[in-house]
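Participant: Got a sequence here, can you model it:
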Amino acid sequence: MHQPVRPLTHDEKKAAEAAFRGAPFDPKWSDAARKIYLGISAAVANQRQNAFKDIVLPKAKAISKAVTPEPKSPTRVKSPLW
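Facilitator: You can find the predicted model right below:
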């Protein structure tokens with residue numbers, strides 16, 4: 001299905017910019033702007049996921065240290081007046 005090429009409206013441009021920046025969607029924008037925002041957001045998220053898919057991180061070694069109990073601070077003595 002071929003759609004005619006048309007320039008984007010102001011709110012569609014704002015939605016595209018927001019999607020690329022990761023900014024939230026403005027509910028005042030039109031349905032067409034919402035579709036653009038959702039499409040670009042999904043594409044950007046998929047691109048990020050694919051970029052990190054092949055990276056293998058080395059396993060971190062567990063560092064253990066002796067556990068020593070902390071000394072308890074002396075409790076305040078309550079006055080019989082209170």
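
Participant: Please count neighbours and contacts with C-alpha atoms only from this point.
Facilitator: OK.

Participant: Report the separation between Gln47 and Phe25.
Facilitator: For Gln47, the distance to Phe25 equals 20 Å [Cα to Cα, to the nearest Å].

Participant: Those two - which one has more neighbours?
Facilitator: Counted by other Cα atoms under 10 Å, Gln47 and Phe25 do not tie: Phe25 has more neighbours, with 16 against 12.

Participant: how about whichever helix or strand Ala15 is part of: buried residues?
Facilitator: Secondary structure from DSSP states H and E places Ala15 in helix 10-21. For helix 10-21, burial by neighbour count (16 or more other Cα atoms under 10 Å) applies to 11-12, 14-16, 18-19.

Participant: pLDDT averaged over stretch 36-50 - what is it?
Facilitator: Across stretch 36-50, the average pLDDT comes to 86.

Participant: That one: which residues count as buried?
Facilitator: 36-37, 40-41, 44.

Participant: Val44: which element?
Facilitator: Val44 belongs to helix 31-53 when assigned by DSSP H and E.

Participant: just Phe25 next, same as before
Facilitator: Using DSSP H and E, Phe25 falls within no helix or strand.

Participant: what's the distance between it and Gln3?
Facilitator: For Phe25, the distance to Gln3 equals 25 Å [Cα to Cα].

Participant: returning to what we had before: and the helix holding Ala15 with helix 31-53, angle?
Facilitator: Going by axes from the mean of the first three to the mean of the last three Cα atoms, to 10 degrees, helix 10-21 is angled at 10 degrees with respect to helix 31-53.

Participant: what's the average pLDDT for helix 10-21?
Facilitator: For helix 10-21, mean pLDDT rounds to 94.
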